[in-house]
Each structure stands twice: as C-alpha cells, then as structure tokens.
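Student: need a 3D model of the following:
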Amino acid sequence: MVEAGLYDPARIACPIPDVVLGQHVMPFRAGMVGTRKGAMADSADGFAITVFGRGGHASQPHTTIDPVVLASHIVVRLQTIVSREAPPSHNVVLTVGAIEAGMTENIIADYAVIKMTIRSNNAETREKVIKAMKRIVRAECVASDSPKEPIIQETTMVPSTINDEEVTARLELAFSETFGADYIKDAPGLGGSEDFANLATAIDKPYCFWTFGGSERVKWDEAEKKGTIQEDIPTNHSPYFAPEVEPTLRSGVRALISASLAFLGSSS
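Tutor: Next up is the predicted model:
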C-alpha cells in the first residue's frame, strides 16, 4: 500500500497518522488480548534459488550433473548457518519450504529450484545469515561443477516488527482497564512475520502491533489441563485453524476501540 501511494498527496493521499496501531488473531484462548514491548515479529526474507546441472538419462548419471543432488547438499549445508554461524541469543530460523526439479523418475533434470525463508529479529544477524546462504549456494555449485552460476532471486522482504515502548505502555493501561484478567501484558511474539510496520516506518511514526486469541475456549481449557496445547490447538495457516466467532470478533473490535480511545483526544 505504501508503494502504491498510500501517503502520497498526489495519489491515495491518506492523512499522516500520529501513531499506527494494528492487531492479529492468534492461537490462544478466545477473548484474550495481549501486548508486547519491543520485538513482536521477526523479519522475513524469501528466496527462490535456481541451480543448474546437466540433464540426461537416469541410468547414465556419470554423463550428467545432477541438480537434485546439488540442491540436496545445499539444503543440508544451509542447516549449519543457524547452528554454527548465528548467535544463540538471536532468534533465527531458516526453512526450505520447497524443492522443484524434474518430471519423472528416469530423467535427470538440468535445473532445480529451492524456495526458502529466513527469519530473524536482529538486523546484523539477518544480513550475516543471508550472506552465508549465498556463499553456501555458490560454493556447493562449484563443488558439483555446475555449468552455470546460480540465480538467487529475492521473493519477500519484510522488516522486523519492533513495538514502540511508549505507545505500548499506553495500551497496557487501556487494555488492563478494558479486559481485566483477559489481558496479557507480556504476550508471546507472533512467531512469524508481518509487513504492518511498513505503514509506520515509511513515515517515521511510532507503532504497536498486538495480538488477540481466537481458539475455542472449551478446547483450549481441555488442552491446557492435559498439557497438549501444541498438539491439540491448530495454529495460524493450519487448515484446521478456525477462530471461534464469539468472543473473538467482539474482543478484536473492543481492542481496536480501546486502543483508539487511548490516543484520541489526548493533549500529549
């Protein structure tokens, strides 16, 4: 939206806000709302990496350069970045979500595509991990005698979401009054990434992004009692994630209204 001219006077011309507020439904007990100061969501960098081989018949692998084997070596070696190059105190995740190569079992393909994502909550470590990824990809291509340089295409670039301390502190007071025992002052981070922060950083304004629960209360209480929340409560992007309409919808609306009133009409 920012790139499309959200704040551009000559295009969409949205008025510049003093503060940017947002929320996200999460897999915790419906009706609850939580805030968190500082790091709320990690950065996300997605890549589509094409590596090249030399195709041929599956019965004659010695006449080929197998891109599937090459891609496999890359995937395994990439796992050492988090365990051996990223500081243990920094939150870093590197996941290969897809490998695409070939069409059938008796043909060795001439290229393979690796699709991956890198998540981090530290800017310096983020750059270090991306640099290491590119180094490993190129080195493994050399080791496999790949006939062409790999193509490393960035498909996603989302910055970290770092909630403003003062804005969050004001929401803590508002949500405590609005939700009482259903308010979580130091809620867990998203565990994923969000481009919400772009709405604020593009105009150099403070922001806060908070969460509210959507998991069915009866199921949540049963899972909590049995200690099986991880196994029994579907998470975001799961095909079984289906927020309980009420009180999820009501608590989400109340949170937005409460947050807005915490700033509207204030002289500070």
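
Student: so where's the protein shaky on pLDDT?
Tutor: Within the chain, the ranges that satisfy pLDDT under 70 run 265-268.

Student: who are the contact partners of the residue nearest the centre of it?
Tutor: In the chain, the C-alpha nearest the mean C-alpha coordinate belongs to Ser193, at 2.6 Å (Cα atoms, centre = their mean). Under the criterion of Cβ atoms under 8 Å, 6 or more residues apart in numbering, the contact list for Ser193 reads 41-44, 119, 158, 161. Using the backbone N, CA and C atoms, a C-beta is placed for each residue, glycine as well.

Student: in strands, which of those fall?
Tutor: Using DSSP state E, the members of these that fall in strands are 41, 43-44, 119, 158, 161.

Student: can you tell me which helix in this structure is longest?
Tutor: The longest helix of the chain (DSSP state H) is helix 123-143.

Student: residue contacts, Thr248?
Tutor: By Cβ under 8 Å, 6+ apart, Thr248 lies in contact with 25, 30-31, 212-214.

Student: and it, which of the three is it?
Tutor: helix (DSSP: H, G, I helix; E, B strand; the rest coil).

Student: skipping adjacent residues, who's closest to Phe179 in space?
Tutor: Leaving aside its sequence neighbours, Phe179 sits nearest to Val33 (Cβ to Cβ, 6 or more residues apart in numbering; 5.3 Å).

Student: how much space between that neighbour and Thr156?
Tutor: From Val33 across to Thr156, the span is 28 Å (Cβ to Cβ, to the nearest Å).

Student: more neighbours: which of the two?
Tutor: Val33 (24 against 14; other Cβ atoms under 10 Å).

Student: from what I see, the more buried one and Lys185 are in contact.
Tutor: No: counting by Cβ atoms under 8 Å, Val33 sits too far from Lys185 to count as a contact (10.3 Å).

Student: using PDB, list the CA coordinates for the longest helix of the chain.
Tutor: Taking only C-alpha atoms (Å, rounded to 0.1, in the frame of the first residue of the first chain), the coordinates of helix 123-143 have been written out as PDB:
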ATOM      1  CA  ALA A 123      19.300  -6.700  11.600                       C
ATOM      2  CA  GLU A 124      23.000  -7.500  11.800                       C
ATOM      3  CA  THR A 125      22.400 -11.200  12.100                       C
ATOM      4  CA  ARG A 126      19.800 -11.000   9.300                       C
ATOM      5  CA  GLU A 127      22.400  -9.700   6.900                       C
ATOM      6  CA  LYS A 128      25.000 -12.200   8.100                       C
ATOM      7  CA  VAL A 129      22.700 -15.200   7.500                       C
ATOM      8  CA  ILE A 130      21.700 -14.000   4.100                       C
ATOM      9  CA  LYS A 131      25.300 -13.500   3.200                       C
ATOM     10  CA  ALA A 132      26.100 -17.000   4.500                       C
ATOM     11  CA  MET A 133      23.300 -18.500   2.500                       C
ATOM     12  CA  LYS A 134      24.500 -17.000  -0.800                       C
ATOM     13  CA  ARG A 135      28.100 -18.200   0.000                       C
ATOM     14  CA  ILE A 136      27.000 -21.800   0.600                       C
ATOM     15  CA  VAL A 137      24.800 -21.900  -2.600                       C
ATOM     16  CA  ARG A 138      27.600 -20.700  -4.800                       C
ATOM     17  CA  ALA A 139      30.200 -22.900  -3.100                       C
ATOM     18  CA  GLU A 140      28.100 -26.000  -3.500                       C
ATOM     19  CA  CYS A 141      27.500 -25.200  -7.200                       C
ATOM     20  CA  VAL A 142      31.300 -25.100  -7.600                       C
ATOM     21  CA  ALA A 143      31.700 -28.300  -5.700                       C
END
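
Student: name the helices or strands packed onto it?
Tutor: Here helix 123-143 touches strand 43-52, helix 67-84, strand 92-101, strand 111-120, going by 3 or more Cβ pairs under 8 Å, 6 or more residues apart in numbering; DSSP states H and E.
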